[in-house]
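Engineer: Just need the structure, nothing else, for what follows:
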Amino acid sequence: MLSAATSIAQEYKNGIGVHFKGLDFYGPQSGHYFFQNKLNSSTLKNETKLFWDPSIRVSYWHFFNKYFDLNAGINAAALQYPATDKDSMYIKAKSVAGATRSQLPYLAADAKVNFNILERGKYLVSPYATVGLGVSFHQDHRGIDLPLGLGANIDLGKGVFFNMESNYFVAISKVNQNHLSHSIGLVYWLKSVKTPQQSVAKLPEPPIAKDTDNDGIPDKEDACPTLPGKREMKGCPDKDNDGIVDSDDLCPDVKGLKQFGGCPDTDGDGIPDQKDACPDLAGLVKYKGCPVPDTDHDGFNDELDKCPEVYSAVNQGCPEVKKEDKEKIDIAAQGIYFETGSAVIKKTSFANLDKIVAILNAQPTYNVEIEGHTDNSGNAENNLVLSQERADACGQYLKGKGITSARIASKGYGDTSPVGDNATPEGRSKNRRTEFKIKSY
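Structural biologist: A predicted model of the protein is given here:
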């Protein structure tokens with residue numbers, strides 16, 4: 001049955017088609033496909049009906065290769081569109097005599113890729129599988145479908161094909177409904193116009209030139225016929241003997257490296273000398289070839305120095321916390337109290353908190369970590385939450401006094417770090433505390 005037909009391969013790149021379609025929304029709605037009975041209200045007899053809506057489609061085709069084509073088109077119809085899946089009103093309007101429903105305009109567009117099971121144009125009949133994406137417009141709705149289908153092209157000759165295709169449109173948008181489409185039509189492939197190639201006349205080879213620069217390399221082999229050079233440099237000069245011809249060498253008088261265009265990198269830091277602000281000292285690109293700076297000259301470079309603008313030869317470049325400051329803060333922390341069972345700071349604690357603020361203001365390199373602790377009375381999880389809230393409350397008080405957030409950290413430990421015996425009232429009192437840990441970076 002299959003025989004060789006017109007070869008269209010690369011000769012036919014684009015095609016146009018007209019197709020007559022039947023749109024079947026009734027099948028997916030009712031579960032009954034193709035021909036069904038419908039009562040004739042005049043004769044009171046059942047008549048076999050095909051509940052498809054007629055439609056017309058105009059298509060554009062494009063040849064990718066012998067197995068793949070693009071098939072895109074616009075489809076128009078007037079039909080009854082089901083409002084929902086299993087729309088009883090729609091099914092009744094289609095299948096029951098006397099039941100009616102308005103027919104409204106329906107417009108759709110789709111683009112599909114065809115996989116030719118048999119090469120189109122090589123065989124009389126070329127079946128294919130197709131998949132793509134479609135968009136439809138009905139009433140005030142716009143939705144997206146996923147068409148999946150099978151089809152066949154029958155070669156009628158001279159670029160004309162009879163096309164048959166069936167698709168199942170899977171609704172992606174909620175406003176759309178699943179449906180089938182069946183079509184027949186004609187596709188005409190337009191013959192491509194090939195521009196004839198013009199032959200280029202071959203010029204005769206020039207006569208053999210002399211060795212103009214007297215470097216022992218004939219001019220036709222010499223890349224620099226007017227400049228004496230070396231054979232390994234194809235006759236071009238290399239004054240600094242770095243293996244890079246002078247015309248390509250950014251530093252022709254100084255021996256250099258190929259990766260830097262012939263320029264040297266004296267300190268071996270990967271930055272050529274002409275771009276290196278410190279050519280004799282290995283450095284970094286972000287410092288223009290110089291080493292990492294030490295702004296405060298304390299022996300810690302700025303990338304390691306926690307206080308790069310404050311001189312300190314210890315403590316990672318920051319001044320150490322003064323012993324008297326630590327003692328004052330520890331004493332002040334012992335006088336911070338909260339309302340029972342809450343994170344509300346008692347007013348009697350404000351004076352002690354202000355002492356801590358004064359020390360932090362006087363020492364801008366100090367940072368503080370506020371620790372909240374409770375005794376073991378009550379639920380451990382609740383104690384952890386309460387301790388965090390109390391530590392946060394102290395942090396908010398410091399912020400309200402002008403201490404920046406970057407200098408403050410707070411953490412609640414609940415009853416996990418006791419300093420006293422929770423079996424005694426005195427021990428539990430010690431465990432209910434707020435500690436301020438000062439560090440200088």
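Engineer: Show me the residue sitting in the middle of the chain in space.
Structural biologist: Geometric centre of the chain, nearest residue: residue 133, 22.9 Å, by CA atoms, centre = their mean.
Engineer: Against residue 111, how distant is it?
Structural biologist: Computed as CB to CB, to the nearest Å, the residue 133 to residue 111 distance reads 6 Å. To be clear about C-beta, it is placed using only N, CA and C from the backbone, and glycine gets the same treatment.
Engineer: shared neighbours of these two, which are they?
Structural biologist: Residues touching both residue 133 and residue 111 (CB atoms under 8 Å, 6 or more residues apart in numbering): none.
Engineer: hang on, the earlier thing: so the residue nearest to the centre of the chain is in which element?
Structural biologist: strand 125-138 (DSSP states H and E).
Engineer: With residue 391 instead?
Structural biologist: helix 380-400.
Engineer: Keeping just the C-alphas, turn that helix into CSV.
Structural biologist: Extracted as CSV, the C-alpha positions of helix 380-400 are listed here (Å, rounded to 0.1, in the frame of the first residue of the first chain):
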residue,chain,number,x,y,z
ALA,A,380,10.7,23.9,80.9
GLU,A,381,9.4,25.0,77.5
ASN,A,382,7.6,28.0,79.0
ASN,A,383,10.8,28.9,81.0
LEU,A,384,12.8,28.9,77.8
VAL,A,385,10.3,31.3,76.1
LEU,A,386,10.2,33.6,79.1
SER,A,387,14.0,33.8,79.4
GLN,A,388,14.2,34.7,75.7
GLU,A,389,11.5,37.4,76.1
ARG,A,390,13.3,38.9,79.1
ALA,A,391,16.7,38.9,77.3
ASP,A,392,15.0,40.6,74.3
ALA,A,393,13.3,43.2,76.6
CYS,A,394,16.7,44.2,78.0
GLY,A,395,18.0,44.4,74.4
GLN,A,396,15.1,46.7,73.4
TYR,A,397,15.8,48.9,76.4
LEU,A,398,19.5,49.4,75.3
LYS,A,399,18.4,50.1,71.7
GLY,A,400,15.9,52.7,73.0
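Engineer: domain parsing for the chain?
Structural biologist: With domains defined by automatic domain parsing, the chain comprises 11-191, 323-439.
Engineer: Least confident of those, on average?
Structural biologist: Across these, domain 11-191 has the smallest mean pLDDT, namely a mean of 88.
Engineer: My read is that residue 215 contacts residue 228, right?
Structural biologist: Yes: the criterion here is CB atoms under 8 Å, and residue 215 meets it with residue 228 at 4.1 Å.
Engineer: For these two, indicate the residue with more neighbours.
Structural biologist: In terms of neighbours (other CB atoms under 10 Å), residue 215 is the more surrounded of residue 215 and residue 228; the figures are 19 against 16.
Engineer: Just list the residues touching that one, thanks.
Structural biologist: Residue 215 sits in contact with 222, 227-230, 235, where contact means CB under 8 Å, 6+ apart.
Engineer: returning to what we had before: mind listing what the residue nearest to the centre of the chain touches?
Structural biologist: Counting by CB under 8 Å, 6+ apart, residue 133 touches 110-112, 144-147.
Engineer: Let's see which of these end up in strands.
Structural biologist: Cross-referencing these against strands under DSSP state E gives 110-112, 144-147.
Engineer: Could you identify the most distant pair in these?
Structural biologist: Between any two of these, the greatest separation by CB to CB is 13.7 Å, found for 112 and 144.
Engineer: Distance of the nearest residue to residue 393 once chain neighbours are set aside relative to residue 148?
Structural biologist: Leaving aside its chain neighbours, residue 393 sits nearest to residue 343 (4.6 Å; criterion: CB to CB, 6 or more residues apart in numbering). Residue 343 is 62 Å from residue 148, where distance means CB to CB.
Engineer: Pick out whichever of those two has more residues nearby.
Structural biologist: Legend: neighbour count by other CB under 10 Å for residue 343 and residue 148, higher for residue 343 (19 against 15).
Engineer: My guess is residue 399 contacts residue 410. True?
Structural biologist: No: look at residue 399 against residue 410 with CB under 8 Å: they stay out of range, at 10.5 Å.
Engineer: I'd guess residue 328 is in a helix, am I close?
Structural biologist: Yes: under DSSP: H, G, I helix; E, B strand; the rest coil, residue 328 sits within a helix.
Engineer: Neighbour count: residue 112 and residue 144, which is higher?
Structural biologist: residue 112 (23 against 15).
Engineer: check contacts around the residue lying closest to the more buried one once chain neighbours are set aside.
Structural biologist: The spatial neighbour of residue 112 that comes closest, neighbours along the chain excluded (CB to CB, 6+ apart), is residue 132 at 3.0 Å. By CB under 8 Å, 6+ apart, the contact list for residue 132 reads 71, 110-113, 146-147.
Engineer: if we go to 6 Å?
Structural biologist: 110-112, 147 (CB atoms under 6 Å, 6 or more residues apart in numbering).
Engineer: Buried among the residues you listed? Need that as a selection in PyMOL.
Structural biologist: Selecting the buried subset of those in PyMOL, with 16 or more other CB atoms under 10 Å as the burial test, is done by:
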select buried, resi 110+112+147
